[in-house]
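Chemist: Predicted structure and sequence below. I'll ask about it afterward.
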4 protein chains.
Amino acid sequence: MFINIDLQSDDPIYTQLKNQIIASIARNEMRPGDGLPSVRRLAADLGINLHTVNKAYQQLKQQGFILIHRQKGVVINPEGIPAADEQYRESLERVLSPLVAESFCKGITEKEFTTLCQKLFGQLTNEGGWR
Amino acid sequence: MFINIDLQSDDPIYTQLKNQIIASIARNEMRPGDGLPSVRRLAADLGINLHTVNKAYQQLKQQGFILIHRQKGVVINPEGIPAADEQYRESLERVLSPLVAESFCKGITEKEFTTLCQKLFGQLTNEGGWR
Amino acid sequence: MFINIDLQSDDPIYTQLKNQIIASIARNEMRPGDGLPSVRRLAADLGINLHTVNKAYQQLKQQGFILIHRQKGVVINPEGIPAADEQYRESLERVLSPLVAESFCKGITEKEFTTLCQKLFGQLTNEGGWR
Amino acid sequence: MFINIDLQSDDPIYTQLKNQIIASIARNEMRPGDGLPSVRRLAADLGINLHTVNKAYQQLKQQGFILIHRQKGVVINPEGIPAADEQYRESLERVLSPLVAESFCKGITEKEFTTLCQKLFGQLTNEGGWR
DNA sequence: GTGGTCTAGACCACA
DNA sequence: GTGGTCTAGACCACG
């Protein structure tokens, strides 16, 4: 797993971390049951604060991406990632909606937009995502 | 134009305001050349501070959605909204990428995702968006 | 004399007006002794406020570019424009200084900068400026 | 870095601040990677409001002079200042044009004008500007 | 302790 | 009356 943190980004570090771990799972680089570095370890490796890593882990745990055992450490949820529920679909639509509106205003067609989405999906499945 | 501000939302007020104005333009409820309320007026109507409205307006101006006209006040850019450049497309991809990865992990298929996008686009064009 | 006002500009209207009148004089389109439209006339022609035209005229008068007679109307100073004094040279340096610093930071060389200045001067003298 | 704010000046405080920081960079007093005081610190030192400092910083950030680094705080862009693009050159010409016209009217020759520019450039390079 | 956001209230330049 | 600038003081997210 390669994590790349951009300290100049407007995205908070814990968000970048969370997103990159999710991306690793989606790309099948990390599989259910695989272990992740401990909070301390990852913080040291990335040169960032303990609390920052912890916050990312807590959110991933809360969404069911990972499990945190006091002894076994941190692992990708061995039972796989919980499927999206209705609530998630609604939040996805709420996030997507302003992106679509802005893109539309700027002349990006539905076709171009969906093609971009397909490209991004393709980058996952071509590399053998686990679903 | 109906603006609805959710003071409890995690999104900052000025972002909500910006997004809703963009949405109004996309839905063709507001057309190039149309006027917007003055900073003070809108702030009073929404019961928020004028600086908050101003911040939204400044960002919309900077992106070319609106112009601050010395006599007519604030208007939707009469020449239309500037088309997306390469930089915008890249930023769009950067924003979309984690959404796609997370959705993918949660079992949302490419088909379902693009269908959602199409639905959102449809809500704009069905109502006669200006592009 | 062609005056072009951009109501969307960040420059105040009276400044644009003042600058364009000065440019007309520099390009020798208007000569010492020539008349300018009355405040009312020019305001009507440009579709702007009386006070705005008046403010531009007052500043031009104060700098010695024009004379305002109650009867003869507004004329370009028949004795020519007063030469720059030391105070003007200082203010010019104060204005130029940040432009030079910013340009320098952005990689614009002294040569490119002075070439640009020469070009702008050339646009005046080629057309037969009065000096 | 010495910052001198003139509260009586017509220039807004944030503009003076911005210009002086740019001048410091141009004079090579501050180099890429160097840190700047935090918004609060600088505001306290200068006896002005933190929002005013923040506005200057935001504009410098937007022009690529500085980065807001999550750990190091505010730093001069370590990759150097972005080079001028065509748009900047046009805006420079728009700003310079009325200065040239006015100077010309007041009898300042092309030679004197360019000599002044060279002097201002010289003040930067003599002290070892970074370009 | 940092920057980001929001509020309240003030003065000024512009039109 | 408009937007632009500035101040003072507050809370929150981030690290």
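Modeler: Sure thing, it's come through. Numbering: from 1, shown residues only, chains lettered A, B, ... in the order given.
Chemist: use CA for all of it now, contacts and neighbours both
Modeler: Noted.
Chemist: And for residue A:2, the neighbour number?
Modeler: 8 (other C-alpha atoms under 10 Å in any protein chain shown).
Chemist: does it count as helix, strand or coil?
Modeler: What DSSP: H, G, I helix; E, B strand; the rest coil gives for residue A:2 is coil.
Chemist: What of residue A:56?
Modeler: Classified using three-state DSSP, residue A:56 is helix.
Chemist: Leaving out sequence neighbours, find the closest residue to it.
Modeler: Leaving aside its chain neighbours, residue A:56 sits nearest to residue A:14 (4.9 Å; criterion: C-alpha to C-alpha, 6 or more residues apart in numbering or on different chains).
Chemist: now do residue A:97
Modeler: Nearest non-adjacent residue to residue A:97 (C-alpha to C-alpha, 6+ apart): residue B:120, at 6.4 Å.
Chemist: Would you mind measuring from the one you found to residue A:49?
Modeler: 39 Å (C-alpha to C-alpha, to the nearest Å).
Chemist: More neighbours: the two, which one.
Modeler: Set residue B:120 next to residue A:49 and count neighbours by other C-alpha under 10 Å: residue B:120 wins out with 19 against 16.
Chemist: Quickly find the element holding the more buried one.
Modeler: Here residue B:120 sits within helix B:110-125, counting by DSSP states H and E.
Chemist: Report the angle between that helix and helix A:110-125.
Modeler: 160 degrees (axes from the mean of the first three to the mean of the last three C-alpha atoms, to 10 degrees).
Chemist: sorry, back to before: residues touching the residue nearest to residue A:56, list them.
Modeler: A:52, A:53, A:55, A:56 (C-alpha atoms under 8 Å, 6 or more residues apart in numbering or on different chains).
Chemist: Most neighbours out of the residues you listed, which is it?
Modeler: Counting by other C-alpha under 10 Å, top hit in the contacts of residue A:14: residue A:53 with 23 neighbours.
Chemist: Let me know the outermost residue of chain A.
Modeler: Centroid-distance maximum for chain A: residue A:107 at 28.9 Å, with C-alpha atoms, centre = their mean.
Chemist: I'd say that residue and residue B:85 touch.
Modeler: No - Residue A:107 lies out of contact with residue B:85 (C-alpha atoms under 8 Å); the separation is 9.9 Å.
Chemist: okay, the nearest residue to residue A:109 once chain neighbours are set aside: pLDDT?
Modeler: Distance criterion C-alpha to C-alpha, 6+ apart; nearest residue to residue A:109, sequence neighbours excluded, is residue A:103 at 7.8 Å. pLDDT, residue A:103: 98.
Chemist: And residue A:1, by the same measure?
Modeler: Here, the pLDDT recorded for residue A:1 equals 70.
Chemist: domain parsing for chain A?
Modeler: Following automatic domain parsing, one gets these domains for chain A: A:13-76, A:86-125.
Chemist: Does the first one reach DNA strand F?
Modeler: Yes - using C-alpha under 7 Å from any atom of the strand, domain A:13-76 reaches DNA strand F at A:13, A:14, A:48, A:49, A:51, A:52.
Chemist: ok, how many other residues are close to the fifth one?
Modeler: This means residue A:51. 13.
Chemist: repeat for the third one
Modeler: Residue A:48 has 17 neighbours, counted by other C-alpha under 10 Å.
Chemist: helix/strand/coil for it?
Modeler: coil.
Chemist: Look up how far residue B:4 lies from it.
Modeler: Residue A:48 is 39 Å from residue B:4, by C-alpha to C-alpha.
Chemist: just checking, residue A:7 touches residue D:73?
Modeler: No - counting by C-alpha under 8 Å, residue A:7 sits too far from residue D:73 to count as a contact (10.0 Å).
Chemist: more neighbours, the two?
Modeler: Comparing residue A:7 with residue D:73 by neighbour count (other C-alpha under 10 Å), the higher total belongs to residue A:7, at 17 against 14.
Chemist: Check the gap between the more buried one and residue B:91 for me.
Modeler: For residue A:7, the distance to residue B:91 (C-alpha to C-alpha) stands at 17 Å.
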